[in-house]
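1. sequence first, predicted coordinates after that:
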Amino acid sequence: MKGSQTAFWDSSSLLPLCVRQDETLLSVKYARQYPHMVVWWSTAVECHSGLARIARMGELDQEDRLAAMQRLVMLQASWYEILPSESIRSTAIELLGSFSLGAADSLQLAAALTWCGSKPQKRSFVCFDRRLREAAEKVGFSAFS
């Protein structure tokens, strides 16, 4: 999936579309700018984990959590997922040696590189995680936060 209205989205930028956070207005802006979302295969799990964490912290009641989960399901129905592969695993392992990333973020970046055929120039990467965004910029993505 290519095009100027397409961007790779990390879970850190999708969660604010599901539940009100400091970054929600910015996420909405980017969602209008880049409505065609490409995500890594585990993004739905990461977003559900984020919603569960927010609920455990007492920041979401049951009704709000269900509404947030419905918004996530709607997003999930429209995004394009990059599926796991040996190539992504190998790339993620290489990225761990080059950047200060955890395993999940390394897989995110490897998936983004797979999406663009390892040619990230002029490709957008929407992410609110500082380390992942910086790594994405260093490999050539136009990263937004």
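-> All right, it came through fine.

2. excluding its backbone neighbours, what's nearest Tyr30?
-> Excluding the flanking residues, the one nearest Tyr30 by Cβ to Cβ, 6 or more residues apart in numbering is Val126, at 5.0 Å. Where C-beta positions appear, they are placed from N, C-alpha and C, glycine not excepted.

3. who does that neighbour bridge with?
-> Judged by DSSP bridges, the bridge partners of Val126 are Trp9, Phe144.

4. could you measure it against Glu59, distance?
-> For Val126, the distance to Glu59 (Cβ to Cβ, to the nearest Å) stands at 23 Å.

5. same deal with Ser27?
-> Ser27 is 17 Å from Glu59, by Cβ to Cβ.

6. and the two? Which one has more around it.
-> Ser27 (20 against 13; other Cβ atoms under 10 Å).

7. all helices of the protein, in order?
-> Along the chain, counting by DSSP state H, helices occupy 11-18, 24-33, 43-56, 62-78, 86-98, 103-115, 130-139.
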